[in-house]
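Asks: quick one: sequence and predicted model below, then my questions.
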Amino acid sequence: MPQDPLLQQVQLLLYRDDLSTALALLDDAYARTADPVYKEHAGRVRGWTKHLQTRESYTDAYEAYYRDLKGRWSLKHLERDIRVVLGFKTRKVVRRTAKDPEFQLLEREVIAARPAHVFDAGSGEGRVALTLAARHPSVRIEAVDVSRTNVRLSSRMNRFENLRFHCGLIEEADRFLPPGPFDLAYSFAVLEHVRDVDEVVSSIMSRLRPGGRFCFVVPMNEFVVNGDLPACRHEDGVAGHVRVFSES
């Protein structure tokens, strides 16, 4: 039996991480029809975004996610830690990231602009910052991530004097970053997850010198569908909130 076309449209929006538009459709459908199915779906989607209600809940959700993913003891993580201590992990990350087309676009900007001071807004596992620091030792990089687990692991991988990792929210970076403007800032696959994209982007831009550059990457998930879409699920508790940009 074919599924409700509106619910299929909602599922497509959810797969594209456009939760706000999906919720608007569900709320409008429930207001028009009073069908409890729409209300139930909207409640489920809102449950995925509970971590966006406060800065504390946002920070706690991402820390819990990365702690469970990378911070708990296991034989696999023990092997990783040994490779980190020996420097093998860092060299492998740098070698692989340097071949990434997105990193190569960033490096092109770095070569053209010759920045002295760079801001990594949302460093995650630290792969971009580590690779940039390794390949451009004259560039000073300040990297910020919300997860203590990520910052701890990336700091242990750091072998470069021109790179420092900090734990905190991007929009609060003025509290812990050294004073002075940045020549270039970048953010890879972060802006689609933040609580308030306008606040975060404004915070990044405020730290750039006049004429400074801001490079960012946001994923755009496109699909070709044949038949009904299965239900979209976000089990990790850190679903994106809104599709912030579209690429042509």
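Replies: Okay, I see it. Residues are numbered from 1 along each chain as shown.

Asks: may I have the strands that pair with the top strand by length along the chain, each with its orientation?
Replies: With DSSP state E setting the assignment, residue counts place strand 208-217 as the longest strand in the chain. Each strand that pairs with strand 208-217, with its direction, by DSSP bridges: strand 182-188 (parallel).

Asks: which is the next helix or strand following the strand it pairs with?
Replies: Moving toward the C-terminus from strand 182-188, the next helix or strand (DSSP states H and E) is helix 197-206.

Asks: chain center to that next one: distance?
Replies: 15 Å (C-alpha atoms, centre = their mean, to the nearest Å).

Asks: buried ones in it?
Replies: Judged by neighbour count (16 or more other C-beta atoms under 10 Å), helix 197-206 contains these buried residues: V197, V200, V201, S203, I204. Glycine gets a C-beta too; all of them are placed from N, C-alpha and C.

Asks: quick one: pLDDT of the second one?
Replies: According to the per-residue confidence, V200 scores 95 in pLDDT.

Asks: any idea how far A121 is from it?
Replies: Separation of V200 from A121 (C-beta to C-beta, to the nearest Å) stands at 7 Å.

Asks: what do the two both touch?
Replies: With contacts taken as C-beta atoms under 8 Å, 6 or more residues apart in numbering, the residues that reach both V200 and A121 are I170.

Asks: nearest spatial neighbour of the residue most central in space within the chain, skipping sequence neighbours?
Replies: Nearest residue to the geometric centre of the chain (C-alpha atoms, centre = their mean): V190, 2.6 Å. Spatial nearest neighbour of V190, chain neighbours left out: G122 (3.2 Å); criterion: C-beta to C-beta, 6 or more residues apart in numbering.

Asks: wait, that neighbour touches F188, no?
Replies: Yes. At 7.2 Å, G122 and F188 qualify as touching, with contact defined as C-beta atoms under 8 Å.
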